[in-house]
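Chemist: Pasting a predicted model and its sequence here:
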Amino acid sequence: MDKFRVALTDEERADLECLVSVGKGAARKLTHARILLLADATGGADGTDEDIMASLGCSLRTIARVRKRFVTESLDAAVSPRPQPPRPDKIKIRGDLEQRLVELACSDPPRGRCHWTLRLLGDEMVALGLVERISTETIRQALKKTTSNRGSWRPGASRRTPTLSSSGGWRT
């Protein structure tokens, strides 16, 4: 693994020291700032990765990654954590499959059942050949993000009827 040499300017060092001394901010951001301050070759310290690891309690890989991002990109890139990339491969139900799930959930439940359960919906989707296997949590998340309303499942629930208020007007 190549070791990148960190050389901070006076302005960069002052900014990092200010960030660390205030102590307000994301923990990862503060740790990365401390790594750069300890790894700075111009400050005279030029700490080894093992010394930095012992003093901050972070891994050697993190130190190497912060050094590399500082040298190849910039100070801001090295200090600020990268946002997590979107994970489209984690979404299993989308498009036509989502539409079929909503249609199924809005349809009448199987004979002998009052309403659809998540497990029943999953079993039905497997039986129809729409998916090979699917978890109830995936179905729950897909139905949660849609605006489908399967109606009230509570027995005896009915719509509230408007009643006459004491002031003479209708109240709902």
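Modeler: Yes, it's here.

Chemist: Output the lowest mean pLDDT helix or strand found in this structure.
Modeler: Ranked by mean pLDDT, DSSP states H and E, the helix or strand of the chain with the weakest confidence is strand 170-171, at a mean of 56.

Chemist: Work out which residue lies at the spatial centre of the protein.
Modeler: What sits nearest the mean C-alpha location of the chain, by C-alpha atoms, centre = their mean, is Gln84, with 7.6 Å.

Chemist: Could you tell me whether that one really is in a strand?
Modeler: No: assessed with DSSP: H, G, I helix; E, B strand; the rest coil, Gln84 is coil; it does not lie in a strand.

Chemist: Which parts of this protein are helices?
Modeler: With helices called from DSSP state H, the chain shows them at 10-22, 27-39, 49-56, 60-72, 75-79, 96-106, 118-127, 136-145.

Chemist: Figure out which of the ones you listed is closest to Asp89.
Modeler: Closest approach to Asp89 among the helices of the chain (C-beta to C-beta): helix 136-145, 13.0 Å. In short, each C-beta sits where N, CA and C put it, glycine included.

Chemist: Which positions in the closest one come out as buried?
Modeler: Of all the residues in helix 136-145, those buried under the rule 16 or more other C-beta atoms under 10 Å are Thr138, Ile139, Ala142, Leu143.

Chemist: Out of the helices of the chain, which gets nearest to Gly112?
Modeler: The closest of those to Gly112 is helix 118-127. By C-beta to C-beta, the value is 10.9 Å.

Chemist: in the chain, which ranges drop under the pLDDT threshold?
Modeler: Confidence mapping of the chain against pLDDT under 70 gives the ranges 1-2, 43-46, 146-172.

Chemist: what does the domain assignment say about it?
Modeler: Split into domains by automatic domain parsing, the chain comes to 10-79, 89-144.

Chemist: now the end-to-end length of the last one.
Modeler: In other words, domain 89-144. Using C-alpha to C-alpha, to the nearest Å, the end-to-end distance of domain 89-144 comes out at 19 Å.
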